[in-house]
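1. can you look at this prediction? I've put the sequence above it.
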Amino acid sequence: MLNLANLILEDGTVFNGINVGIEGETIGEIVFNTAMTGYQEILTDPSYLGQIISFTNPHIGNVGTNQSDEESNKIHANGIITRSMSPIESNFRSKQNLFQYIKKHQIVAISNIDTRKLTHILRKKGSQYGCIQSEKYLNIKNAIQNIKNYKNINNKIISIGVKKITKWNDIPVQSIGNKKKFHVVVYDFGVKKSILKILEQKGCQITLIPSDTSIKNILSLQPSGILLSNGPGDPRSYSISINNIKKILNFSIPIFGICLGHQILALSLGARIIKMKFGHHGSNHPVQNLYTKRVFITTQNHNFTIDAKSIKKNMVITHISLFDKTIQGIKLKNHPSFSFQGHPESNPGTHDIRKLFDIFIKNMHNKESLNA
């Protein structure tokens, strides 16, 4: 017997579906993700904290779940919305079907709703908060009031990364012969595992630091480079990190910002950040390099962007979105630092833009060659 569930939007729109998660009620900002594959990577991306993910791909769950595809150790999203979820999985790597996985992580989820209609509403009206209620909690009036209460709570999301300086050793470092290993200090705002794995595969020693780490402690680590990671929430809320990065820019340490880190670097340089109508979420977003004119298909997950009118004289725009011309990449004119709005680790998604990691490695090599 199927258990009923409702999705209620803050504008009063109601969708009737079935419960595919745990019994309960959850509220969050609804974002739609257009990726055709990689639902487990999406679900475990820490950047989705505080949000409810709606999958536009009408059928998910057919390859099950496994530990290797996790980008963190839990589902960070507040809830899940799908058109259809497969009750069976068919993949030799699968350890658990998606139904079991969602319930294991204690997530409220709804299926069998018209996700195309929901996407049209969000595209037309912009992002909305919503509430998923399982059968025992069905009450539309309460849901709308709870959404209002949730929005009124001034509870800004600040870094969900490590709480203390931590060496990262998830997989053995691959042999790189006699090449020097670079020490990358990662501002952990909610970093994805794939980012760390790529750096490690390229021979980097990695140290994770909390978002409020002091300049003194950062410099004491003697970093070859600093990576500003992805993460959840409004980048303007990370005031301590922004002020510290302003000071770091007085040194010649290369910086690489990804997603939230891209926005935080821009704020450190004096640019403004604005919220988008419904953001970019998916793995099919075309981005153009303004120098080579080459187009890359990229993975995206963000609700904020740099205000093009606020670009400073020491900043150069390197990439733009071909969907809406928003800024996708910047670099500094007189400093070995750059950032990218999308996810160059490309999980899920194409690997077109992974070469940005090589640019970061090259910047660290050049810096240490000068200091040799």
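-> Arrived safely.
2. domain parsing for the protein?
-> Per automatic domain parsing, the domain ranges recorded for the chain read 4-152, 166-371.
3. stretch 259-269: how far from the chain's middle?
-> Averaging C-alpha coordinates over stretch 259-269 and over its chain gives two centres that are 14 Å apart (Cα atoms, centre = their mean, to the nearest Å).
4. quick check: buried residues in the lengthiest helix in the chain?
-> With DSSP state H applied, the helix covering the greatest number of residues in the chain is identified as helix 355-371. Neighbour counts using 16 or more other Cβ atoms under 10 Å place 356-357, 359-361, 363-365, 367 of helix 355-371 among the buried residues. In short, each C-beta sits where N, CA and C put it, glycine included.
5. do the same with stretch 181-197
-> Taking 16+ other Cβ under 10 Å as the basis for neighbour counts, the residues of stretch 181-197 that come out buried are 182-197.
6. among these, which lie within strands?
-> Of the positions in those, 182-187 sit in strands, assigned by DSSP state E.
7. so which residues of the stretch 251-372 of the chain form helices?
-> Counting by DSSP state H, counting those that start in this stretch, the stretch 251-372 of the chain has these helices, from start to end: 260-268, 355-371.
8. between these, which has the poorest mean confidence score?
-> By mean pLDDT, the lowest-scoring of these turns out to be helix 355-371, with a mean of 91.
9. from Ile255, how far off is the spatially closest residue to Thr298 that is not a sequence neighbour?
-> With sequence-adjacent residues excluded and distances taken as Cβ to Cβ, 6 or more residues apart in numbering, Thr298 is closest to Gly342, at 3.9 Å. Gly342 is 17 Å from Ile255, where distance means Cβ to Cβ, to the nearest Å.
10. farthest-separated two in the ones in strands among the buried residues of stretch 181-197?
-> Taking Cβ to Cβ as the measure, these reach their widest spread between Phe182 and Tyr187, a distance of 16.0 Å.
11. hmm, back to that, turn the ones in strands among the buried residues of stretch 181-197 into a markdown table, including pLDDT.
-> Supplementary listing: these in a markdown table, determined by pLDDT from 0 to 100:
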| residue | pLDDT |
| --- | --- |
| Phe182 | 93 |
| His183 | 95 |
| Val184 | 97 |
| Val185 | 97 |
| Val186 | 98 |
| Tyr187 | 97 |
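12. quick check, nearest of those to Gln96?
-> Where these are concerned, and distances follow Cβ to Cβ, Gln96 has its nearest neighbour in Val186, at 29.4 Å.
13. flag every buried residue along stretch 117-133.
-> Of the residues in stretch 117-133, 118-119, 121-122, 127-133 count as buried by neighbour count, 16+ other Cβ under 10 Å.
14. then stretch 295-312?
-> 296-306, 311.
15. closest one of the residues you listed to Phe15?
-> Set against Phe15, the nearest of these by Cβ to Cβ is Asn303 (21.7 Å).
16. nearest residue to the closest one in space, please, no chain neighbours.
-> Gly279 (3.8 Å).
17. what's the pLDDT at that neighbour?
-> With respect to pLDDT, Gly279 has a value of 96.
18. do the same with Ile160
-> Ile160 carries a pLDDT score of 88 in this model.
19. with the one 5 residues further on instead?
-> We have a pLDDT of 96 for Ile165.
20. what do you get for Asp307?
-> At Asp307, the pLDDT value in this model is 98.
21. isn't it right next to Leu267, touching?
-> No: with contact defined as Cβ atoms under 8 Å, Asp307 does not count as touching Leu267 (10.6 Å).
22. overlap in contacts, those two.
-> Ile273 (Cβ atoms under 8 Å, 6 or more residues apart in numbering).
23. let me see the mean pLDDT of stretch 327-340.
-> For stretch 327-340, mean pLDDT is 97.
24. from start to finish, how long is that stretch in a straight line?
-> 9 Å (Cα to Cα, to the nearest Å).
25. got the buried residues for that stretch?
-> Applying a neighbour-count criterion of 16+ other Cβ under 10 Å, the buried positions in stretch 327-340 are 327-332, 335-340.
26. which single one of the ones in strands among the buried residues of stretch 181-197 is nearest to Asn217?
-> Nearest to Asn217 among those: Val185, at 9.8 Å, using Cβ to Cβ.
27. ok, now which ones touch the nearest residue to that closest one once chain neighbours are set aside?
-> Using Cβ to Cβ, 6+ apart and skipping the chain neighbours, the partner closest in space to Val185 is Pro223 (3.9 Å). With Cβ under 8 Å, 6+ apart as the criterion, the residues that contact Pro223 are 183-185, 207, 253.
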